[in-house]
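Visitor: sequence? don't have it. structure:
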């Protein structure tokens, strides 16, 4: 791994990363990613009793925050004369790597689970990458990556266990904090979704040094971080189904875990129905389309807000918006309650 | 009408309004409305061959840009010791007036068409206003307003024929121009939806003096501005159905017409299916929920962009996001083509 300016300033270094690495990543990404807006919704605020600050990374280039880490990681590989890149992902990291690699004219092979959403597969192919499908679990994809690496001699861009990726993902939270601060607000908490752990670890890097509490939200079906905390190390959990395809990794990355286990204040596990309801709430009450991974964070934030009570300022990482139209149509048709289609 | 600083600077005064009135309105609204984000979509740009700059007033307080004009108009009435306010509207102006009147603790009566979307009726009642239903045409509502005015002695906040409202609505376009300029871009064109004409007239005030072309888009079912241009004055057109409930006024306001007839470069009439398709495109490709009135502007912009060709920078006023969930569910179910639900 490259020299990453370890411990240059601003707090403790864990696993070779410190808060200052997020500042460095912000500078490197300036003008290359969108400074996505922070959305407020009076209706959501009224429903949960807190003020929510929604970082709209569903509006990011490539449709998710993952482009942040991927750009940094691929840039380093390109500078080191890589011949091509390989990535495995449930979707968004793959789109991000494909876009970043295209910018450097590097050939790209992407390994996806067989049940990856068509919307994501289409975007990866549009970016010019070759797609290979491998099983449904992280282990399936890692085995495929090892074979392809051998075959092509390309470098791997890991979605979680890469300091470039973690620091890059942390810039979404760093921007959120500074966008709220520009409106005179110091966030009490940020809630982020947990898949492989890069968003959570990045948020810890960006937020903990400012005394902002970091809360993670993961699907109750795939509680990989909860299980890792109990075991004291990353463990593989059963690969059960969740509509949050972006949060299907059944094991937290080692690097994210080492960072996040120290600075995560709380982990929330979110049921499938709450994920679906949060996706609908984002649509009807905040008027944005988010993918179920982002809805998992929103569902967690809504639950947390109801506990935390009025007057709390809660940031939420709406991590992405790459969702299958057919899934959205199905979730809207299923709706009950106040967000339900009427008439 | 109040003294409105006529012709104080910046170009011609028409109907008592000049571009400087928009600058004044911007100052008065500062901190009271959201400076909504301008959204870019690589996918929409690729589809139409131009660069679209989407002013996301669907994320505005009250769910539409109408809060801008309503705040200014109600503020003036409150300062003049009004006892209460009455407004007629197809929905968004009513929500905006109700919110503005609540801020001044003024009693409010709202006259809506019988077929107003439930989502809008709900938001008006949440803001504490009394709602009365009257027919489906503008004439029906104006008659009801006259009766209620007699009964209550309240002042009327007209949705179109009020210089405060027109100048206020113009601030959305003014912000869009300056947000694009902050990214180094001078827009070639702005496309706005045409209902009663306040958005169009406001856009003319805000944009024409900067040499930015203003294009209006109205439903082919209710071509009130096209008919007015042909007649040389506002005329009433048949009140045919359109899904763009916000654009149902069957006659352009006199004040908006006098401003817009001079400075509107082009009027596009948009078919119902194109409105529906643009609503879906906003959802799947720009990841925001907009109402059909806003989709009418987007549909117009997409058509115009295909003519104008690559390299053009086109601003689009996404005027609001108050749309009935049942309508969205129906439009998604009807979808054909590339945005269609797959699998």
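Guide: Nice, thanks for sending it over. Quantities reported herein were computed from a predicted structural model and do not represent experimental measurements. Residues are numbered from 1 along each chain as shown, chains lettered A, B, ... in the order given.
Visitor: Close to chain B: what parts of chain A are there?
Guide: Counting by Cβ under 8 Å from any Cβ of the partner chain, the positions of chain A adjacent to chain B are A:34, A:37, A:39-40, A:42, A:56, A:58-59, A:61, A:63, A:118, A:283-284, A:286-290, A:321, A:324-326, A:328-329, A:332-333, A:335, A:339-343. Bear in mind the C-beta positions are built from the backbone N, C-alpha and C, glycine included.
Visitor: what packs against the host helix or strand of residue A:296?
Guide: Using DSSP states H and E, the element containing residue A:296 is helix A:292-308. With contacts defined as 3 or more Cβ pairs under 8 Å, 6 or more residues apart in numbering or on different chains; DSSP states H and E, helix A:292-308 has these neighbours: helix A:42-48, strand A:51-56, strand A:189-193, strand A:213-219, strand A:264-270, helix A:272-281, strand A:313-318.
Visitor: which one of those has the lowest average pLDDT?
Guide: The weakest mean pLDDT among the helices and strands packed on helix A:292-308 belongs to helix A:42-48, with a mean of 93.
Visitor: List the buried residues in that one.
Guide: Neighbour-count burial for helix A:42-48, with 16 or more other Cβ atoms under 10 Å in any protein chain shown as criterion, is recorded at A:42, A:43, A:44, A:45, A:47, A:48.
Visitor: Could you count how many residues lie near the residue nearest to the fourth one when sequence neighbours are not counted?
Guide: If I follow you right, that is residue A:45. Setting aside the residues directly before and after it, residue A:45 is nearest to residue A:51 in space (Cβ to Cβ, 6 or more residues apart in numbering or on different chains), at 5.5 Å. Look at residue A:51: counted by other Cβ atoms under 10 Å in any protein chain shown, it has 21 neighbours.
Visitor: Can you select the buried ones among the residues of chain A next to chain B for me in ChimeraX?
Guide: ChimeraX command restricting the residues of chain A next to chain B to the buried ones, with burial defined by 16+ other Cβ under 10 Å:
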select /A:34,37,39,40,42,56,58,59,61,63,283,284,286,287,288,289,290,321,324,325,326,328,329,332,335,339,341
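Visitor: now the strands for the stretch 101-250 of chain A?
Guide: With DSSP state E, counting those that start in this stretch, the ranges of strands along the stretch 101-250 of chain A come out as A:108-112, A:130-133, A:155-156, A:189-193, A:213-219.
Visitor: returning to what we had before: among the residues of chain A next to chain B, which are in helices?
Guide: Of the residues of chain A next to chain B, the ones assigned to helices by DSSP state H are A:42, A:118, A:325, A:326, A:328, A:329, A:332, A:333.
Visitor: For residue A:41, see how far away the third one is.
Guide: Look at residue A:325 and residue A:41: by Cβ to Cβ, to the nearest Å, they are 23 Å apart.
Visitor: How about the residue of the stretch 1-150 of chain A found nearest chain B: what's its closest non-neighbour residue?
Guide: Scanning the stretch 1-150 of chain A for proximity to chain B using Cβ to the nearest Cβ identifies residue A:37 as nearest, at 3.5 Å. Once its chain neighbours are removed from consideration, residue A:37 has its nearest residue in residue B:37; the separation is 3.5 Å (Cβ to Cβ, 6+ apart).
Visitor: Report pLDDT for residue A:15.
Guide: The predicted structure scores residue A:15 at 73 on the pLDDT scale.
Visitor: circling back: for the residue nearest to residue A:45, give me its contacts.
Guide: For residue A:51, the contacting residues are A:40, A:45, A:185, A:311, A:312, A:313, A:314, by Cβ atoms under 8 Å, 6 or more residues apart in numbering or on different chains.
Visitor: Now do the SS call for the fourth one.
Guide: Right, the one you point to is residue A:311. Following DSSP: H, G, I helix; E, B strand; the rest coil, residue A:311 is assigned to coil.
Visitor: For residue A:184, grab the count of nearby residues.
Guide: 6.
Visitor: actually residue A:142, sorry about that
Guide: The burial metric for residue A:142, expressed as a neighbour count using other Cβ under 10 Å, is 15.
Visitor: Identify the bridge partners of the spatially closest residue to it that is not a sequence neighbour.
Guide: Computed as Cβ to Cβ, 6+ apart, the closest residue to residue A:142 that is not its neighbour in sequence is residue A:88, at 6.5 Å. Partner residues in beta bridges with residue A:88, using DSSP bridges, are residue A:111.
Visitor: Could I get the contacting residues of residue A:88?
Guide: A:94, A:110, A:111, A:112, A:134, A:138, A:141, A:142, A:144, A:145, A:159.
Visitor: what's the distance between it and residue A:127?
Guide: Computed as Cβ to Cβ, the residue A:88 to residue A:127 distance reads 16 Å.
Visitor: residue contacts, the closest residue to residue A:241 other than its chain neighbours?
Guide: Counting by Cβ to Cβ, 6+ apart, residue A:241 lies nearest to residue A:221, which is 6.3 Å off, once chain neighbours are set aside. Residues near residue A:221 by Cβ under 8 Å, 6+ apart: A:240, A:241, A:242, A:272.
Visitor: Break chain A down into its structural domains.
Guide: A:19-64+A:163-334, A:66-156 (automatic domain parsing).
Visitor: what angle sits between the longest helix seen in chain A and strand A:313-318?
Guide: When chain A is scanned for its longest helix (criterion: DSSP H), the result is helix A:163-181. With axes from the mean of the first three to the mean of the last three Cα atoms, to 10 degrees as the basis, helix A:163-181 and strand A:313-318 are set at 140 degrees to each other.
Visitor: just for the stretch 201-343 of chain A, where's the confidence low?
Guide: Counting by pLDDT under 70, the stretch 201-343 of chain A contains low-confidence residues at A:310, A:336-343.
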